[in-house]
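Participant: make a model of this:
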Amino acid sequence: MFGKKIILVLLLFILFSCESTEDNRRCNIINNQTINLANPQFINLQVPGGWAYANGGARGLVIYNFGNNFKAFSRECPADRTCTEPMTMLNDIKLVCSCDDSEYSILDGSPQTPGFNQSVCEFRVYKASGSILNITNF
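Facilitator: Sure thing, here's the model as predicted:
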């Protein structure tokens with residue numbers, strides 16, 4: 001009897017210690033994307049500070065060139081997932097959700113609007129070769 005209680009407690013501990021949160025599942029939504037920087041659609045990505053919209057995820061992606069690396073963020077509004085409009089760039093430094101007017105930093109996807117606590121989903125970007133970027137889930 002005592003052994004069964006210990007096993008039950010251990011199973012409950014394991015079950016509740018897993019990092020399977022809604023936010024993690026929400027951000028695991030992209031199929032691998034390949035971006036060719038030589039494509040005219042992505043010409044702005046060839047310079048630091050340049051950005052471009054791309055397909056992928058629930059509402060599309062925004063890709064940003066930080067000089068030595070690239071970042072890709074979902075354009076889905078983190079706080080209002082029923083919003084059908086993709087987020088847009090504001091002044092080349094923020095993503096804005098038109099449904100609730102929330103703003104998010106392009107540096108790390110963090111919310112910039114008081115009262116909002118969910119970050120924008122970020123995806124892994126690596127330069128494969130030459131002018132090819134690969135975008136995947138982390």
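Participant: list the buried residues of whichever strand or helix holds Tyr53.
Facilitator: Assigning secondary structure by DSSP states H and E places Tyr53 in strand 51-54. Applying a neighbour-count criterion of 16 or more other Cβ atoms under 10 Å, one finds 51-54 buried in strand 51-54. Quick note: C-beta positions are derived from backbone N, CA and C, even for glycine.
Participant: and if you look at stretch 63-82?
Facilitator: Quick answer for stretch 63-82 (16+ other Cβ under 10 Å): 63-65, 70-80.
Participant: could I get the residues you listed as JSON lines with distance to Gln33 and pLDDT?
Facilitator: Below are these laid out as JSON lines (distance: Cβ to Cβ, whole Å; pLDDT from 0 to 100):
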{"residue": "Ile63", "distance to Gln33": "9", "pLDDT": "97"}
{"residue": "Tyr64", "distance to Gln33": "15", "pLDDT": "97"}
{"residue": "Asn65", "distance to Gln33": "16", "pLDDT": "96"}
{"residue": "Phe70", "distance to Gln33": "12", "pLDDT": "97"}
{"residue": "Lys71", "distance to Gln33": "13", "pLDDT": "97"}
{"residue": "Ala72", "distance to Gln33": "8", "pLDDT": "96"}
{"residue": "Phe73", "distance to Gln33": "13", "pLDDT": "96"}
{"residue": "Ser74", "distance to Gln33": "12", "pLDDT": "95"}
{"residue": "Arg75", "distance to Gln33": "13", "pLDDT": "96"}
{"residue": "Glu76", "distance to Gln33": "15", "pLDDT": "95"}
{"residue": "Cys77", "distance to Gln33": "20", "pLDDT": "95"}
{"residue": "Pro78", "distance to Gln33": "20", "pLDDT": "94"}
{"residue": "Ala79", "distance to Gln33": "24", "pLDDT": "90"}
{"residue": "Asp80", "distance to Gln33": "24", "pLDDT": "87"}
